[in-house]
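Chemist: How does the following fold in three dimensions:
(2 chains)
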Protein chains: 2
Amino acid sequence: MVNWNNLDTLTSYEELKGVATVDLAAVMSGDQGAQRVKKYSVPMACGLDFNYAAKQVDDTVLAALAKLADEAQLAEKFEALYNGEVINTGEKRLVLHHLTRGQLGDAVTADGVDKRSFYVEQQNKIADFAKKVHSGEITNAAGEKFTTVVQIGIGGSDLGPRAMYLALENWAKKNNTFKMEAKFISNVDPDDAAAVLNSVDVAHSIFVLVSKSGTTLETLTNESFVKDALKNAGLDASKHMIAVTSETSPLAKSDDYLAAFFMDDYIGGRFSSTSAVGGAVLSLAFGPDVFAQFLEGAAEEDKLATNKDLLQNPAMLDALIGIYERNVLGMPSTAVLPYSQALSRFPAHLQQLDMESNGKSVNRFGEEINYLTGPVIFGEPGTNGQHSFYQLLHQGTDIVPLQFIGFKNSQIGTDVVIQDSTSQQKLCANVAAQIVAFACGKDDEDKNKSFKGGRPSSIIIGDSLNPQALGALLSHFENKVMYQGFVWNINSFDQEGVQLGKVLAKRVLAHDTDGALKVYSDLLNI
Amino acid sequence: MVNWNNLDTLTSYEELKGVATVDLAAVMSGDQGAQRVKKYSVPMACGLDFNYAAKQVDDTVLAALAKLADEAQLAEKFEALYNGEVINTGEKRLVLHHLTRGQLGDAVTADGVDKRSFYVEQQNKIADFAKKVHSGEITNAAGEKFTTVVQIGIGGSDLGPRAMYLALENWAKKNNTFKMEAKFISNVDPDDAAAVLNSVDVAHSIFVLVSKSGTTLETLTNESFVKDALKNAGLDASKHMIAVTSETSPLAKSDDYLAAFFMDDYIGGRFSSTSAVGGAVLSLAFGPDVFAQFLEGAAEEDKLATNKDLLQNPAMLDALIGIYERNVLGMPSTAVLPYSQALSRFPAHLQQLDMESNGKSVNRFGEEINYLTGPVIFGEPGTNGQHSFYQLLHQGTDIVPLQFIGFKNSQIGTDVVIQDSTSQQKLCANVAAQIVAFACGKDDEDKNKSFKGGRPSSIIIGDSLNPQALGALLSHFENKVMYQGFVWNINSFDQEGVQLGKVLAKRVLAHDTDGALKVYSDLLNI
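Modeler: The predicted structure follows:
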């Protein structure tokens, strides 16, 4: 039986606030620093490691965090989640995205079916469909193969799948599993759809319409946009479109689609990359085997996240260090910094995952809370960011905790030696250097050239970014966010904060406005 | 004569802290809200307007901000800057990016030449070169036209030009001024260059190498990468490359380039989009006339930024409201939210512009300061962001000030009517709705569905995003950042915070490491 208590009611939280803070610059210097880097590391799945030596922690802080994890019953809460309890209290729903990639606990039945079987069935249906598209068994009306897949979706139906596609595009090309180019239409800005449609050969494109409810305004609007374009090209839209939706949505049984694949209410958009939402586009782009490898990586990492020992549970550890930085050390944001161009949109996905899940001011029972919850999340790939916003990270007045990601090897393998090192070595040298520069700093007589250090970071290190490693990375952050939500005692799985804007936008479009809203509408010529 | 004083020594700053704070939800409601939206607006250049009705200000706060602007001598400091004083104290340099688009004050002579004439001369050289490329007078060795331009640069040589290219790509296609596709290589990650090279026809590509010093590691490395590719394709690299650099750089007189165009030490990378750094790639992509229109827009907006009346100076006003939010109201970050897919990378450019300029902890004399400086800047286009991180913006525990940008018309003009409105109307309805939702909120018995409001935003509204409007937008933010730096009494034009990482990365590559740095290097297989 788990107890859902606010963070500020926990004894261990009070104790944590009393623990002496670590002088990061001091402990990361000299031999002590070397020892920390060796010691403060925990293996992840698929050959990844989570190294937190440059975080502002020591054994005492970690012991206090372990007590907090115990008192907050984090492992038990995850167990309740994957065994099918109603964790999404606001919407009264189960939270089942883990089941899309494995069975961590009991069989979970909902809507009269075993949900693991349901998700596997959808994967199999998608795999079958994708293979037929690749083989030419399913073609356009002229009997020609489809060459491009275009996802139409927004939010979780866009950011995750798009980030995953970009992460594996070059890997797939290098490993001869690249099947079709993917494009994405998301924004209701008509220039988004128009530009994407101008850039593809619609006659050889298959469109994936993704909307759980079948009512997302942007997505339905963009569907019409695409249907117009297909019609104008003399094509039958129903031969070019598939749907990913819930079984109860108006799209599910429509004749407008070549096929429909299903998700359900137990998978939030931002957690849906491993469901049919990511599965359709990624299986079409890279083949179903690659998508299966991606799921395997996520499943392996999920298993590690069940470990009750904090120091053996990378997601829980990352979560609790983040809580310490946010609620005890008072740091208001977190930067995600992958040293991999392939992860160019991974920070944007994590921005949604984290900020939409944990940007809440009431607890899971709808009561106001008196402590800070989710931080602002932002980031860009390194080394690019080094030539941009790192100035503030090094010498600004706020301290921003950093989450580095790095790989020993590139994806494509083409490289060049300049001044005795490859580009990949330069990339890795830079991330190693940054961690130490942020932690240790360097004094200078000229205070303008002085670095105080004490700026905490962690790094996830892998061999190379392949489908399994990507799955493990995704799972790590999903579970980190989940654990932080448990600590804050909030519901990480609803998003009521997006509703008011929708309601007011509808009023504007119906010309049912007054006051400031009317004047803004006039200014914008609506 | 201007006095450079720390913010916390100014009487007007103490007074500002004592001014009663505005209840934003209250004043934005009902008829009072409508009146504010009409009143709190100031015209910008090129038909843009800066509307700050939904900021947490009233006449009293604005009067206090005007006193602060006067006491801090903001207009006089800008005057000193454009008249050629050494404003970049750390590097002892003039700050002349405004001269790339107009002459605001006195003639400025440096390095023995009139700098306005120098920048115009470079623009003319670029225009001449671009026209010859477009006409086929300059071709590849086989006498065939170049079809693609690839910029090789990082930081300011990448983010600004890339954001501007994306902002105008569809506009140029629609207006028949599109000449060549542009691509960008920036990261030292070898997968960045390899993927871009795989995506272009190198035989018909012209590469623009951009490095002021001619020593930027990433850029020189990527140059070698490209030269290898050209050589492997049996091509003469010197017939495919041009350089943008300073006259004193090793690249300036090299035979390795078809042509070289010059910038100088008085233009920081993040302020270089209107110099040859942006000029070469944008003139090649869209034609020199489009680049000239972009400069015109920036020049017009620069003139408005010289106005000593705070309420008639959009950049100064935006800057001071930001100071109020950061230093008095205690808000730690700012989101940039353009409702325009074309501005997809504009927030990333502003992230560099702002955070690299004002992420400082010492004043312009190298003395430590005791107040907060630059905030974290992040953002994504709307409506996409609404389905992502807006949850935290609406209901999170921190208040994030918002900077909206919206246009009445799309660029491409293809649109679709669904439920009685176009996509463009839906886009505009959403931004209007968001401003009011953030400001006013809405109470609900269910606290999970309750919105406190009081979340401040401003909006820049324009007719459509064309080259002039883009120039004005860019200038607005450059001058906003400059004015905030003046208020904080910091040097916004150097970036010493990026140095330590570079030094340590070199040590890693030379295997000259110990302690934590050595262990990280080993873990990353360097």
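Chemist: which strands and helices sit next to the helix or strand where residue A:182 lies?
Modeler: For residue A:182, the host element (DSSP states H and E) is strand A:181-185. Strand A:181-185 makes packing contacts with strand A:148-152, helix A:159-174, helix A:190-199, helix A:217-232, helix A:276-286 when contacts are defined by 3 or more CB pairs under 8 Å, 6 or more residues apart in numbering or on different chains; DSSP states H and E. Every residue, glycine included, has its C-beta placed from N, CA and C.
Chemist: Only alpha carbons, please: show that strand as PDB.
Modeler: Output in PDB follows, covering the C-alpha atoms of strand A:181-185 (Å, rounded to 0.1, in the frame of the first residue of the first chain):
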ATOM      1  CA  GLU A 181      12.300   9.600 -45.900                       C
ATOM      2  CA  ALA A 182      10.000  11.000 -43.200                       C
ATOM      3  CA  LYS A 183       8.700  14.500 -43.000                       C
ATOM      4  CA  PHE A 184       6.500  16.100 -40.300                       C
ATOM      5  CA  ILE A 185       3.600  18.600 -40.400                       C
END
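Chemist: For that strand, which outside residues touch it?
Modeler: Under the criterion CB atoms under 8 Å, 6 or more residues apart in numbering or on different chains, residues A:147-153, A:158, A:161-162, A:165, A:169, A:192-193, A:196-197, A:199-200, A:222, A:225-226, A:281, A:284-285 lie in contact with strand A:181-185.
Chemist: switch to 6 Å and redo it
Modeler: The contact list for strand A:181-185 (CB atoms under 6 Å, 6 or more residues apart in numbering or on different chains) reads A:148-152, A:158, A:162, A:165, A:192-193, A:196, A:200, A:222, A:281, A:285.
Chemist: what comes up buried for it?
Modeler: A:182, A:183, A:184, A:185 (16 or more other CB atoms under 10 Å in any protein chain shown).
Chemist: Export those residues as CSV, with columns for pLDDT.
Modeler: Formatted as CSV, the buried residues of strand A:181-185 follow (pLDDT from 0 to 100):
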residue, pLDDT
A:182, 98
A:183, 98
A:184, 98
A:185, 98
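Chemist: one step back: out of the helices and strands packed on strand A:181-185, which one sits most buried?
Modeler: Highest mean neighbour count of the helices and strands packed on strand A:181-185: helix A:276-286, a mean of 28 (counted as mean count of other CB atoms under 10 Å in any protein chain shown).
Chemist: Phi first, then psi, for the one residue in the stretch 51-200 of chain A that gets nearest to chain B.
Modeler: Nearest to chain B in the stretch 51-200 of chain A, going by CB to the nearest CB, is residue A:155, at a distance of 2.7 Å. Main-chain dihedrals, residue A:155, degrees, to the nearest 10: phi 70, psi -130.
Chemist: That one - nearest residue in space that isn't next to it in sequence?
Modeler: Nearest non-adjacent residue to residue A:155, counting by CB to CB, 6 or more residues apart in numbering or on different chains: residue B:387, 2.7 Å away.
Chemist: Count the neighbours of the closest residue to residue A:137 other than its chain neighbours for me.
Modeler: Spatial nearest neighbour of residue A:137, chain neighbours left out: residue A:131 (7.9 Å); criterion: CB to CB, 6+ apart. Neighbours of residue A:131 under the rule other CB atoms under 10 Å in any protein chain shown: 16.
Chemist: Report the mean confidence score over the helix or strand containing residue A:131.
Modeler: Here residue A:131 sits within helix A:115-135, counting by DSSP H and E. Helix A:115-135 shows a mean pLDDT of 98.
Chemist: what's the angle between it and helix A:276-286?
Modeler: Taking axes from the mean of the first three to the mean of the last three CA atoms, to 10 degrees, one finds helix A:115-135 and helix A:276-286 inclined to each other by 30 degrees.
Chemist: what helices or strands is helix A:115-135 leaning on?
Modeler: Helix A:115-135 is packed against strand A:259-263, helix A:276-286, with contacts defined by 3 or more CB pairs under 6 Å, 6 or more residues apart in numbering or on different chains; DSSP states H and E.
Chemist: mind checking which of the ones you listed is nearest residue A:38?
Modeler: Smallest distance to residue A:38 across the helices and strands packed on helix A:115-135 (CB to CB): 36.4 Å, for helix A:276-286.
Chemist: right, and the helix or strand after that closest one?
Modeler: Sequence-wise, the next helix or strand downstream of helix A:276-286 (DSSP H and E) is helix A:288-304.
Chemist: what's next to that next one, contact-wise?
Modeler: In this structure, residues lying in contact with helix A:288-304 by CB under 6 Å, 6+ apart are A:45-46, A:98, A:101-102, A:127, A:130, A:177, A:274, A:279, A:282-283, A:467-468, A:470-472, A:474-476.
Chemist: What strands line up against the strand holding residue A:182, and which way round?
Modeler: strand A:148-152 (parallel) (DSSP bridges).
Chemist: Spell out which residues of the stretch 101-250 of chain A are next to chain B.
Modeler: Within the stretch 101-250 of chain A, the positions near chain B by CB under 6 Å from any CB of the partner chain are A:154-155, A:170, A:186-192, A:194-195, A:218, A:221, A:224-225, A:228.
Chemist: can we see that at 8 Å?
Modeler: Contacts of the stretch 101-250 of chain A with chain B, taken as CB under 8 Å from any CB of the partner chain, map to A:154-156, A:158-159, A:169-170, A:173, A:186-195, A:198, A:217-218, A:220-222, A:224-225, A:228.
Chemist: picking that back up, distance to chain B added to the helices and strands packed on helix A:115-135, as CSV?
Modeler: Below are these laid out as CSV (distance: least, CB to the nearest CB, whole Å):
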stretch, distance to chain B
strand A:259-263, 16
helix A:276-286, 13
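Chemist: I'd like the ones you listed laid out as TSV, including distance to residue A:409 and mean pLDDT.
Modeler: What follows is the helices and strands packed on helix A:115-135, written out as TSV (distance: least, CB to CB, whole Å; pLDDT from 0 to 100):
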stretch	distance to residue A:409	mean pLDDT
strand A:259-263	34	96
helix A:276-286	19	98
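Chemist: Serialize the ones you listed to TSV and add fields for distance to residue A:362.
Modeler: Listed next are the helices and strands packed on helix A:115-135 as TSV, based on distance: least, CB to CB, whole Å:
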stretch	distance to residue A:362
strand A:259-263	27
helix A:276-286	28
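Chemist: Which one of the ones you listed lies nearest to residue A:449?
Modeler: Smallest distance to residue A:449 across the helices and strands packed on helix A:115-135 (CB to CB): 46.2 Å, for helix A:276-286.
Chemist: Can you mark which positions in the helix holding residue A:131 are buried?
Modeler: For helix A:115-135, using 16+ other CB under 10 Å, the buried residues are A:115-116, A:118-120, A:122-123, A:125-127, A:129-131, A:133-134.
Chemist: which other residues reach it?
Modeler: With CB under 8 Å, 6+ apart, helix A:115-135 has contacts from A:84, A:94, A:96, A:99-100, A:103, A:107-109, A:137-138, A:145-146, A:179-180, A:206, A:242, A:259, A:261-264, A:266, A:275-276, A:279-280, A:283-284, A:287-288, A:291-292, A:295.
Chemist: Using PyMOL, define a selection of the buried residues within these.
Modeler: In PyMOL syntax, the buried subset of those is picked out as below (16+ other CB under 10 Å):
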select buried, chain A and resi 84+94+96+99+100+103+108+138+146+179+180+206+242+259+261+262+263+264+266+275+276+279+280+283+284+287+288+291+292+295
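Chemist: So residue A:185 versus residue B:170, what's the distance?
Modeler: Relative to residue B:170, residue A:185 is positioned 14 Å away (CB to CB, to the nearest Å).
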